[in-house]
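Visitor: here is a sequence with its predicted model. Questions after.
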Amino acid sequence: MSRSVLVTGGNRGIGLDITRAFAEAGDKVAFTYRSGEPPAALTELGCLPVRCDITDTEQVDRAYKEVEEQHGNVEVLVANAGVTRDQLLMRMSEEDFAAVLDTNLTGTFRVVKRANRGMLRARRGRVVLISSVVGLMGSPGQANYAASKAALVGFARSLARELGSRNITFNVVAPGFVETDMTRALPAERQAEIVAQVPLGRYAQPGDVAAAVRFLASDDASYITGAVIPVDGGLGMGH
(Lines give C-alpha, C1' and ligand atoms only; values in the text may rest on other atoms or scores of the structure.)
Protein backbone atom coordinates (compact mmCIF):
# COMPACT_ATOMS: atom_id res chain seq x y z
CA MET A 1 0.00 0.00 0.00
CA SER A 2 1.32 3.44 -0.92
CA ARG A 3 1.88 5.53 2.19
CA SER A 4 2.38 9.26 2.74
CA VAL A 5 6.06 9.69 3.66
CA LEU A 6 7.85 12.89 4.67
CA VAL A 7 11.65 13.15 4.80
CA THR A 8 13.13 16.34 6.22
CA GLY A 9 16.36 17.48 4.62
CA GLY A 10 15.69 15.03 1.82
CA ASN A 11 17.36 17.02 -0.92
CA ARG A 12 20.96 15.86 -0.46
CA GLY A 13 23.30 13.33 1.12
CA ILE A 14 21.70 10.61 3.22
CA GLY A 15 18.30 12.28 3.01
CA LEU A 16 18.26 12.12 -0.78
CA ASP A 17 18.86 8.37 -0.79
CA ILE A 18 16.20 7.84 1.87
CA THR A 19 13.70 9.86 -0.18
CA ARG A 20 14.59 7.95 -3.35
CA ALA A 21 14.29 4.57 -1.61
CA PHE A 22 10.74 5.22 -0.42
CA ALA A 23 9.69 6.62 -3.81
CA GLU A 24 11.12 3.63 -5.69
CA ALA A 25 9.17 1.35 -3.34
CA GLY A 26 5.94 3.04 -4.45
CA ASP A 27 5.24 5.39 -1.55
CA LYS A 28 4.00 8.97 -1.97
CA VAL A 29 7.03 10.90 -0.79
CA ALA A 30 7.51 14.54 0.13
CA PHE A 31 10.80 16.03 1.21
CA THR A 32 11.81 19.34 2.72
CA TYR A 33 14.68 21.52 1.58
CA ARG A 34 15.78 24.84 2.97
CA SER A 35 17.41 26.63 0.04
CA GLY A 36 18.37 26.28 -3.61
CA GLU A 37 16.41 24.15 -6.03
CA PRO A 38 15.08 20.63 -5.37
CA PRO A 39 17.07 17.91 -7.14
CA ALA A 40 15.65 16.80 -10.48
CA ALA A 41 16.47 13.18 -9.60
CA LEU A 42 13.72 13.30 -6.98
CA THR A 43 11.12 15.40 -8.76
CA GLU A 44 11.39 13.09 -11.78
CA LEU A 45 10.41 10.23 -9.45
CA GLY A 46 7.28 12.16 -8.51
CA CYS A 47 8.51 13.29 -5.09
CA LEU A 48 6.96 16.46 -3.71
CA PRO A 49 9.50 19.17 -2.81
CA VAL A 50 8.49 21.43 0.08
CA ARG A 51 10.59 24.43 1.02
CA CYS A 52 10.86 24.55 4.82
CA ASP A 53 13.24 25.74 7.50
CA ILE A 54 12.52 23.49 10.47
CA THR A 55 13.73 26.16 12.91
CA ASP A 56 10.53 28.08 12.10
CA THR A 57 7.32 26.60 13.51
CA GLU A 58 5.12 28.47 11.03
CA GLN A 59 7.10 27.09 8.09
CA VAL A 60 6.77 23.59 9.52
CA ASP A 61 3.01 23.97 9.77
CA ARG A 62 2.76 25.32 6.21
CA ALA A 63 4.89 22.43 4.94
CA TYR A 64 2.61 19.87 6.58
CA LYS A 65 -0.50 21.53 5.15
CA GLU A 66 1.03 21.32 1.68
CA VAL A 67 1.91 17.65 2.12
CA GLU A 68 -1.52 16.84 3.57
CA GLU A 69 -3.27 18.51 0.63
CA GLN A 70 -1.24 16.50 -1.88
CA HIS A 71 -0.64 13.17 -0.13
CA GLY A 72 -2.88 13.04 2.94
CA ASN A 73 -1.73 12.79 6.56
CA VAL A 74 1.91 11.84 7.02
CA GLU A 75 2.12 8.16 7.94
CA VAL A 76 5.91 7.84 7.94
CA LEU A 77 8.18 10.64 9.12
CA VAL A 78 11.94 10.54 8.72
CA ALA A 79 13.51 13.41 10.67
CA ASN A 80 16.83 13.76 8.90
CA ALA A 81 17.49 17.51 8.58
CA GLY A 82 20.55 18.62 10.52
CA VAL A 83 23.46 21.05 10.60
CA THR A 84 26.96 21.24 12.04
CA ARG A 85 28.96 24.14 13.41
CA ASP A 86 32.11 22.37 14.53
CA GLN A 87 34.45 24.17 16.89
CA LEU A 88 36.57 23.45 19.95
CA LEU A 89 34.76 24.25 23.19
CA MET A 90 36.86 27.29 24.10
CA ARG A 91 36.10 28.82 20.69
CA MET A 92 32.48 27.74 20.41
CA SER A 93 30.03 30.61 20.78
CA GLU A 94 26.63 30.31 22.42
CA GLU A 95 25.16 31.03 19.00
CA ASP A 96 27.03 28.05 17.49
CA PHE A 97 25.77 25.79 20.26
CA ALA A 98 22.18 27.04 20.19
CA ALA A 99 21.89 27.02 16.39
CA VAL A 100 22.84 23.35 16.14
CA LEU A 101 20.44 22.32 18.89
CA ASP A 102 17.64 24.44 17.40
CA THR A 103 17.87 22.58 14.11
CA ASN A 104 18.90 19.08 15.12
CA LEU A 105 16.90 18.70 18.33
CA THR A 106 14.21 21.36 18.56
CA GLY A 107 13.62 21.16 14.81
CA THR A 108 13.01 17.45 15.19
CA PHE A 109 10.59 18.17 18.03
CA ARG A 110 8.67 20.57 15.77
CA VAL A 111 8.26 18.14 12.87
CA VAL A 112 7.45 15.16 15.11
CA LYS A 113 4.86 17.09 17.11
CA ARG A 114 3.13 18.25 13.92
CA ALA A 115 3.11 14.74 12.43
CA ASN A 116 1.60 13.41 15.64
CA ARG A 117 -1.79 15.00 14.91
CA GLY A 118 -2.57 12.77 11.96
CA MET A 119 -0.89 9.70 13.44
CA LEU A 120 -2.99 9.91 16.60
CA ARG A 121 -6.19 10.18 14.58
CA ALA A 122 -5.18 7.22 12.44
CA ARG A 123 -3.86 5.29 15.46
CA ARG A 124 -0.76 4.30 13.53
CA GLY A 125 2.52 5.80 12.40
CA ARG A 126 6.24 5.29 11.93
CA VAL A 127 8.80 7.86 13.04
CA VAL A 128 12.52 7.41 12.36
CA LEU A 129 15.04 9.92 13.69
CA ILE A 130 18.48 10.19 12.11
CA SER A 131 21.10 10.51 14.83
CA SER A 132 24.84 9.80 14.48
CA VAL A 133 27.57 7.60 15.89
CA VAL A 134 29.03 10.89 17.16
CA GLY A 135 26.04 11.23 19.48
CA LEU A 136 26.91 7.87 21.08
CA MET A 137 30.71 7.99 21.33
CA GLY A 138 31.53 11.71 21.10
CA SER A 139 33.93 13.61 18.87
CA PRO A 140 36.38 16.43 19.61
CA GLY A 141 35.17 19.75 18.27
CA GLN A 142 31.59 18.54 17.96
CA ALA A 143 30.17 18.99 21.45
CA ASN A 144 27.11 20.82 20.12
CA TYR A 145 26.43 18.29 17.35
CA ALA A 146 27.03 15.28 19.62
CA ALA A 147 24.73 16.72 22.30
CA SER A 148 21.94 17.27 19.79
CA LYS A 149 22.25 13.80 18.30
CA ALA A 150 22.49 12.04 21.68
CA ALA A 151 19.35 13.87 22.81
CA LEU A 152 17.38 12.31 19.96
CA VAL A 153 17.73 8.92 21.64
CA GLY A 154 16.04 10.08 24.85
CA PHE A 155 13.44 11.95 22.82
CA ALA A 156 12.55 8.87 20.74
CA ARG A 157 12.48 6.51 23.70
CA SER A 158 10.23 8.80 25.71
CA LEU A 159 7.77 9.05 22.82
CA ALA A 160 7.96 5.29 22.22
CA ARG A 161 6.64 4.83 25.76
CA GLU A 162 4.15 7.69 25.49
CA LEU A 163 2.57 6.68 22.19
CA GLY A 164 3.20 2.96 21.84
CA SER A 165 -0.40 2.20 22.80
CA ARG A 166 -1.49 4.22 19.74
CA ASN A 167 0.52 1.96 17.40
CA ILE A 168 3.08 4.70 16.67
CA THR A 169 6.70 3.56 16.71
CA PHE A 170 9.75 5.74 17.30
CA ASN A 171 13.20 4.50 16.37
CA VAL A 172 16.64 5.98 15.79
CA VAL A 173 19.21 5.25 13.09
CA ALA A 174 22.77 6.22 13.99
CA PRO A 175 24.99 6.37 10.89
CA GLY A 176 28.76 6.41 11.07
CA PHE A 177 30.92 7.94 8.36
CA VAL A 178 28.99 7.93 5.10
CA GLU A 179 30.35 8.54 1.63
CA THR A 180 28.86 11.90 0.64
CA ASP A 181 30.08 15.07 -1.07
CA MET A 182 31.21 16.32 2.35
CA THR A 183 33.39 13.31 3.15
CA ARG A 184 34.74 13.08 -0.40
CA ALA A 185 36.02 16.64 -0.01
CA LEU A 186 38.24 15.66 2.94
CA PRO A 187 42.00 15.32 2.33
CA ALA A 188 43.09 11.78 1.46
CA GLU A 189 45.10 11.53 4.69
CA ARG A 190 42.05 12.36 6.80
CA GLN A 191 39.90 9.89 4.87
CA ALA A 192 42.48 7.16 5.55
CA GLU A 193 42.48 8.02 9.27
CA ILE A 194 38.70 7.70 9.42
CA VAL A 195 38.55 4.39 7.56
CA ALA A 196 41.26 2.97 9.82
CA GLN A 197 38.87 3.35 12.80
CA VAL A 198 36.07 1.38 11.12
CA PRO A 199 36.18 -2.40 11.62
CA LEU A 200 34.64 -3.01 8.19
CA GLY A 201 37.32 -0.82 6.66
CA ARG A 202 35.15 1.42 4.51
CA TYR A 203 32.64 4.24 4.54
CA ALA A 204 28.94 3.49 4.53
CA GLN A 205 27.03 4.20 1.36
CA PRO A 206 23.94 6.42 1.72
CA GLY A 207 21.88 3.46 0.55
CA ASP A 208 23.00 1.47 3.61
CA VAL A 209 21.34 4.05 5.83
CA ALA A 210 18.26 4.23 3.61
CA ALA A 211 17.81 0.46 3.86
CA ALA A 212 17.79 0.58 7.67
CA VAL A 213 15.28 3.43 7.65
CA ARG A 214 12.96 1.62 5.24
CA PHE A 215 13.11 -1.51 7.40
CA LEU A 216 12.09 0.41 10.52
CA ALA A 217 9.19 1.95 8.59
CA SER A 218 8.02 -1.43 7.29
CA ASP A 219 5.51 -3.97 8.58
CA ASP A 220 8.44 -6.27 9.36
CA ALA A 221 9.46 -3.83 12.11
CA SER A 222 6.01 -3.40 13.64
CA TYR A 223 7.21 -4.73 17.02
CA ILE A 224 10.36 -2.59 17.15
CA THR A 225 10.19 0.72 18.99
CA GLY A 226 12.62 2.72 21.09
CA ALA A 227 15.55 1.08 19.28
CA VAL A 228 18.83 2.61 18.17
CA ILE A 229 20.13 0.97 15.00
CA PRO A 230 23.81 1.67 14.24
CA VAL A 231 24.83 1.81 10.57
CA ASP A 232 28.49 2.50 11.22
CA GLY A 233 30.56 -0.51 10.18
CA GLY A 234 31.19 -1.31 13.84
CA LEU A 235 32.77 2.06 14.68
CA GLY A 236 30.56 2.75 17.68
CA MET A 237 30.03 -0.73 19.05
CA GLY A 238 29.74 -0.82 22.81
CA HIS A 239 28.27 2.67 23.01
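Guide: Cool, the structure landed.

Visitor: sheet partners, orientation included, of the longest strand anywhere in the chain?
Guide: As assigned by DSSP state E, the longest strand anywhere in the chain is strand 168-175. Using DSSP bridges, strand 168-175 pairs in its sheet with strand 125-130 (parallel), strand 228-231 (parallel).

Visitor: buried stuff in the helix or strand following that strand?
Guide: Once strand 168-175 ends, the next helix or strand along the chain (criterion: DSSP states H and E) is helix 181-184. Neighbour counts over helix 181-184 (16 or more other Cβ atoms under 10 Å) mark no residue as buried. Bear in mind the C-beta positions are built from the backbone N, C-alpha and C, glycine included.

Visitor: list of residues touching the helix or strand following helix 181-184?
Guide: Sequence-wise, the next helix or strand downstream of helix 181-184 (DSSP H and E) is helix 188-196. Residues from elsewhere that reach helix 188-196 (Cβ atoms under 8 Å, 6 or more residues apart in numbering): 177, 183, 186, 201, 202, 203.

Visitor: 7 Å instead?
Guide: 177, 201, 202, 203 (Cβ atoms under 7 Å, 6 or more residues apart in numbering).

Visitor: go on, stretch 202-214?
Guide: With Cβ under 7 Å, 6+ apart, stretch 202-214 has contacts from 13-14, 17-18, 21-22, 25, 78, 128, 173, 175-180, 183, 195, 229, 231, 233.

Visitor: 6 Å instead?
Guide: 14, 17-18, 21, 78, 128, 173, 175-179, 229, 231 (Cβ atoms under 6 Å, 6 or more residues apart in numbering).
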